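1. Provide a 3D model corresponding to the input given below.
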Amino acid sequence: MITVGTEIEMSVEDVAHGGWCVGRHDSQVVFVRHALPGERVRVRITERTSRFLRGEAVEVLTASPDRVEAPCAFAGPGMCGGCDWQHASLEAQRRLKGKVVADQLSRIAGLDLDVDVEELPGTPDGLGWRTRVRFSVDSEGRAGLRRHRSHDIEPIDRCLIAHPGVDELGVTEVHWENISDVEAVASATRADRAIVVTPTTAKLGALPDLKASSAVLRRFKGGRVQSVRGRKGVREDVAGREYRVGAGGFWQVHPAAAETLSAAVLDALEPEAGETALDLYCGAGLFTGALAEAVGAEGRVMGVENGETAVRDATYNLKDLEQVRIERADVAKQMREWADVRADVVALDPPRAGAGAEVVRKVAGMKPRRIAYVSCDPATLARDIAAFDRSGYRLVGLRAFDAFPMTHHVECLAVLEPVKLARRHRERLDEGEQD
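-> Take a look at the predicted model:
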């Protein structure tokens, strides 16, 4: 029996979801990190289950032509778990991510698609993009990042994928007394910076001096964030509009992602003046704002978000748009209350767990003419696309974006349309053709 710590030789056959590659050893399925398809590697087993093994490639016996030297000294077996693909060229990373998305769509949704992952502008080397980095602090007060599938912390001197605004704070260069983690936040478009610290004691003690000025916030158990000094977050600019984003809230971490995705959602939905649009899981109001300007003062946009800080930010960010209404609620619950609402277009950007069957049914029940579904998890996206199909909506377009270079994460935009267009949309289409 192969046990944890055993080293084996094996051939890597394919890529798998989550930053893994997969192969077999004596008919046993083995998921491997730090390898690439087509390679022959020596693997140290790190986990055994009843169905498969997990391990890390500790030696490459036959290398793939896609293999490169990892730019970071902390990327490798047993070290930082933040990056999955530093050992692959950026072109290969995007190809592997596209294969994962296509595999999930095929396996879960029964769709046969070729998926090309688009490079986002501004980070040609795949480094220096992450505007939010959550560092963990070890028992000696050193900031670092967690190892893969572990609570152990890898002390580092810097994170190469961190945005320059994060790197300039110098979080890893100071001692953190009685702090369990430090989230560093930098605006992609302004000089705003913030740190969110989680103390291990009831009272927040003195904090070290950082290399650059920043706002300071405290995170309590349960996730509540309280301002200690300075702004409560950072400001971001997208398509000529300023957005206030809470330091502990959600915002796209790649500098080009917010603008790219906002434009992609508008291109997908093609909202028209006077229409009704929904933005579910609206966060700080990124898509809500774009949709509101597209439908104009005669239209309306209803955003739904469950996070208190995000709702406060969205309400503030869009206070000049009278056609916008922001509701703080669980999306599924709010959709039940809106059972009689009819929407023309719907945007949704749920967390990694996806929208789920109930939300999918409720959205389909509103009979929109088009849906734009933004997702960072291809497995739950595929599951929900299958659910939409059962509710009478088919996938008509898919784009994928490399919004997280060096990691296995990928951002997708799925576009869905009804198999049978609702009567009100057919009539409007007929009117447009007559005009």
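2. wait, what's in contact with the nearest residue to Arg94 once chain neighbours are set aside?
-> Using Cβ to Cβ, 6 or more residues apart in numbering and skipping the chain neighbours, the partner closest in space to Arg94 is Val117 (4.0 Å). Where you see a C-beta, it was placed from the backbone N, CA and C, and this is true even at glycine. Contact analysis of Val117 by Cβ atoms under 8 Å, 6 or more residues apart in numbering lists Arg94, Arg95, Lys97, Gly98, Val101, Ala400, Phe401, Asp402, Val410.
3. and what of His25?
-> Contacts of His25 (Cβ under 8 Å, 6+ apart): Ile2, Ile8, Glu9, Met10, Val43, Leu53.
4. Checking the second one next. Helix, strand or coil?
-> What it means is Ile8. strand (DSSP: H, G, I helix; E, B strand; the rest coil).
5. Quickly note the distance from it to Trp20.
-> Ile8 sits 16 Å away from Trp20 when distances are taken as Cβ to Cβ, to the nearest Å.
6. more neighbours, the two?
-> Counted by other Cβ atoms under 10 Å, Ile8 and Trp20 do not tie: Trp20 has more neighbours, with 20 against 16.
7. Beta-bridge partners for the residue lying closest to that one once chain neighbours are set aside, please?
-> Closest residue to Trp20 apart from its sequence neighbours, by Cβ to Cβ, 6+ apart: Phe31 at 4.3 Å. Going by DSSP bridges, Phe31 is paired in beta bridges with Val22, Arg54.
8. And Phe31, how close does it get to Ser64?
-> On the measure of Cβ to Cβ, Phe31 and Ser64 end up 17 Å apart.
9. cool, Phe220 as well?
-> 46 Å.
10. pull the longest helix from this protein.
-> helix 90-109 (DSSP state H).
11. what is the mean pLDDT for that helix?
-> Across helix 90-109, pLDDT averages out at 98.
12. name the helices or strands packed onto it?
-> strand 7-16, strand 117-119, helix 378-390, strand 393-402 (3 or more Cβ pairs under 8 Å, 6 or more residues apart in numbering; DSSP states H and E).
13. Could you work out which of these reaches nearest to Glu154?
-> Proximity of those to Glu154 was assessed by Cβ to Cβ; the nearest stretch is strand 7-16, lying at 21.7 Å.
14. tell me what the closest one is packed against?
-> Checked by 3+ Cβ pairs under 8 Å, 6+ apart, strand 7-16 has strand 20-25, strand 28-33, strand 40-48, strand 53-62, helix 90-109 packed alongside it.
15. For the longest one, buried residues please.
-> This means helix 90-109. For helix 90-109, a neighbour-count test (16 or more other Cβ atoms under 10 Å) marks 90, 92-105, 108-109 as buried.
16. same thing with the second one?
-> In terms of neighbour count (16+ other Cβ under 10 Å), strand 28-33 has its buried residues at Val30, Phe31, Val32, Arg33.
17. mind listing what the third one touches?
-> Val32 is in contact with Met10, Val12, Trp20, Cys21, Val22, Gly23, Val41, Val43, Arg54, Gly55, Glu56, Ala57, counting by Cβ under 8 Å, 6+ apart.
18. Which members of the residues you listed are classed as buried?
-> Applying 16+ other Cβ under 10 Å to the contacts of Val32, the neighbour count classes Met10, Val12, Trp20, Cys21, Val22, Gly23, Val41, Val43, Arg54, Gly55, Glu56, Ala57 as buried.
19. Name the nearest of the residues you listed relative to Lys232.
-> The closest of those, once distances to Lys232 are taken by Cβ to Cβ, is Trp20, at 38.3 Å.
20. what number of residues lie near Ala256?
-> 17.
21. who has more neighbours, Phe220 and Ser64?
-> Set Phe220 next to Ser64 and count neighbours by other Cβ under 10 Å: Ser64 wins out with 20 against 10.
22. In this structure the more buried one contacts Val41, no?
-> No. Here Ser64 does not reach Val41: they are 10.0 Å apart, not a contact under Cβ atoms under 8 Å.
23. Ramachandran angles for Thr315?
-> When read as degrees, to the nearest 10, the backbone of Thr315 gives phi -60, psi -40.
24. which intervals of the stretch 201-350 of the chain have sub-threshold pLDDT?
-> Counting by pLDDT under 70, the stretch 201-350 of the chain shows no low-confidence range.
25. run the last query once more with 90
-> Scanning the stretch 201-350 of the chain with the threshold set as pLDDT under 90 gives 221-223, 248-249.
26. Take the buried ones among the contacts of Val32 and write them to a markdown table, including pLDDT and distance to Ala353.
-> What follows is the buried ones among the contacts of Val32, written out as a markdown table (pLDDT from 0 to 100; distance: Cβ to Cβ, whole Å):
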| residue | pLDDT | distance to Ala353 |
| --- | --- | --- |
| Met10 | 98 | 33 |
| Val12 | 98 | 30 |
| Trp20 | 98 | 20 |
| Cys21 | 98 | 25 |
| Val22 | 98 | 24 |
| Gly23 | 98 | 29 |
| Val41 | 98 | 33 |
| Val43 | 98 | 31 |
| Arg54 | 98 | 23 |
| Gly55 | 98 | 28 |
| Glu56 | 98 | 27 |
| Ala57 | 98 | 30 |
